[in-house]
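Enquirer: below are the sequence and a predicted model for it; my questions follow.
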Amino acid sequence: MGIISVMKKHKLITFFILFVTLITCLSCANGKPNSPVHINYLDYSNDGLVMNMVELELSNIKYRISDVDDEAVLIDQCNALAAIHSAESVNAELTATDSFESPYQVTKSVAGYSVTAEEILSAISASNKQTIMLAADTIEPDVTTDSLIEHNSLISQYTTSFSKSTLSKTNRIFNITKAASLIDGVVVEPNEVFSINDTIGDRNRKNGWKKAAAISGGTYVEEYGGGVCQVSSTLFNAVLMADLEIVERHHHSWPMSYVPIGRDATISTGIKDFRFKNNTEYPITIFTNVDEENKELCICIYGTKSEQYDYIEVESERVGYEDKKPTEYRLDETLPAGTKVVEREGRRGKRSVTYKLYYSADGELIDKVVAHKDTYASISEIVYLSADLYY
């Protein structure tokens, strides 16, 4: 309202244009005008078109101020002008949406402006022209649109698949979806430590989890919450790519099929957790999406991008094997003669190294560092034998 805006070198220059019209002659015997003085205010929109005219009447005021009484009356009118034609700034705001691709809707900030009664009075007093131009002070919002977007940008994203038949069981997908929904939209403040166990709670029947395949004792068993490790592993990779500090992380008994070797993070109620610290100066937000049609889980982290690099890629490689463990034979006298039952398959252990690669915006490799090293221990095969085979 009442602004002509000119963008020049990225600075907003705001002018108030006051048209002071001397309606009658100011000369009279006692030095005071015998008719009112009118100040006509033309209200311009940002494109410079005249929208309306506001007329303020100043009675018995000299154009050139000469006494305190006249000035006091004029100040009252100037105060009214200043109040009408000043505006508070408006902060930019974020509103959550239902879109995973665009999780935020930004309400843009609006700069405020102000002009004081003293400035209006001084301009009127000093001018002998009908047109008075005043520069208004710009009031910048505390939270600008640019700063809000800067501190809520996509900084990492990682996707895993559960399309394989062993990964796409109904109960497993249910548990993945439940765990992902519980961490969706979680904000982690600077220096705060996020715990996935604390966030999703104990996996049991009471809390609404379903039984699905999970690793226990070196073999697959049915447990409540089976499949949630795919969520913690997907989050682990997103955290690595966001360069956040890993506080606690455990690999599985053997590498998982849904992430490369060395890039899994197992969790277990009350035993093993995945935790990381927001080591940045600004909050970060976790967003998740489960695409049941394409059988994919995607996790994004939004926050403030680093000034040192543009993005991080994570790579890992197997660097060796552990020695095999000998088979464990156990007696089961209930087995028919000549019977052999494999209770647990043996697995040869592996060693891996995981790297973080830092890139500039133009794709130039800036640095490559070792993120961590893993050793997946060998697991012995367990075989039960009937008495005749055992002795």
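Expert: Everything's here; your move.
Enquirer: which residue, other than its chain neighbours, is closest to Ile312?
Expert: Met241 (4.7 Å; CB to CB, 6 or more residues apart in numbering). C-beta: built from backbone N, CA, C; applies to glycine.
Enquirer: kindly report the same for Thr159.
Expert: Per CB to CB, 6+ apart, closest to Thr159 is Cys298, 4.4 Å.
Enquirer: may I see the buried residues of the helix or strand containing the one you found?
Expert: Per DSSP states H and E, Cys298 falls inside strand 296-303. Residues Leu297, Cys298, Ile299, Cys300, Ile301, Tyr302, Gly303 are the ones in strand 296-303 that count as buried (16 or more other CB atoms under 10 Å).
Enquirer: and it, what does it pack against?
Expert: strand 153-161, helix 170-183, helix 228-241, strand 284-291 (3 or more CB pairs under 8 Å, 6 or more residues apart in numbering; DSSP states H and E).
Enquirer: Lys373: which of the ones you listed is closest?
Expert: helix 228-241 (13.9 Å; CB to CB).
Enquirer: any idea which helix or strand comes after that closest one?
Expert: strand 245-248.
Enquirer: adjacent strands (with direction) for the helix or strand following that next one?
Expert: As assigned by DSSP H and E, the chain's next helix or strand after strand 245-248 is strand 275-277. Here strand 275-277 is paired, per DSSP bridges, with strand 193-195 (antiparallel), strand 245-248 (antiparallel).
Enquirer: save these as CSV, and put in distance to Tyr355 too.
Expert: Below are the strands paired with strand 275-277 laid out as CSV (distance: least, CB to CB, whole Å):
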stretch, distance to Tyr355
strand 193-195, 23
strand 245-248, 14
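Enquirer: compare these and give me the one nearest Ile284.
Expert: It's strand 193-195; of the strands paired with strand 275-277, that one is closest to Ile284 (CB to CB) at 8.9 Å.
Enquirer: residue contacts, the most centrally placed residue in the chain?
Expert: Most central in the chain under CA atoms, centre = their mean is Tyr302, positioned 3.2 Å from the mean C-alpha point. By CB atoms under 8 Å, 6 or more residues apart in numbering, the residues touching Tyr302 are Pro103, Tyr104, Asn152, Ser153, Leu154, Ile155, Ile284, Thr285, Phe287.
Enquirer: turn these into a markdown table, columns for neighbour count.
Expert: Output for these, formatted as a markdown table (neighbours: other CB atoms under 10 Å):
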| residue | neighbour count |
| --- | --- |
| Pro103 | 20 |
| Tyr104 | 17 |
| Asn152 | 19 |
| Ser153 | 12 |
| Leu154 | 15 |
| Ile155 | 22 |
| Ile284 | 26 |
| Thr285 | 18 |
| Phe287 | 23 |
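Enquirer: return the member of these nearest to Trp209.
Expert: Nearest to Trp209 among the contacts of Tyr302, with distances taken as CB to CB, is Phe287, at 22.3 Å.
Enquirer: wait, doesn't that closest one sit right on Ile299?
Expert: Yes - Phe287 is in contact with Ile299 according to CB atoms under 8 Å; the separation is 7.2 Å.
Enquirer: so where is the stretch 51-200 of the chain shaky, pLDDT-wise?
Expert: Within the stretch 51-200 of the chain, the ranges that satisfy pLDDT under 70 run 51-74, 123-135.
Enquirer: just the strands in it please.
Expert: 93-96, 104-107, 112-114, 131-135, 137-139, 153-161, 187-188, 193-195 (DSSP state E, counting those that start in this stretch).
Enquirer: according to the record, where do the domains of this structure fall?
Expert: Here the domain parsing of the chain from automatic domain parsing is 4-148, 151-305, 307-391.
Enquirer: ok so, going back, out of the buried residues of strand 296-303, which comes closest to Glu140?
Expert: Nearest member of the buried residues of strand 296-303 to Glu140, counting by CB to CB, is Gly303, at 23.3 Å.
Enquirer: grab the nearest non-local neighbour of Glu189.
Expert: Pro283 is the one closest to Glu189 (CB to CB, 6+ apart), at 5.2 Å.
Enquirer: quick one, grab the pLDDT at that neighbour.
Expert: pLDDT, Pro283: 94.
Enquirer: for the closest residue to Gln105 other than its chain neighbours, which residues are in contact?
Expert: Leaving aside its sequence neighbours, Gln105 sits nearest to Thr95 (CB to CB, 6+ apart; 4.5 Å). Contact analysis of Thr95 by CB under 8 Å, 6+ apart lists Tyr104, Gln105, Val106, Thr107.
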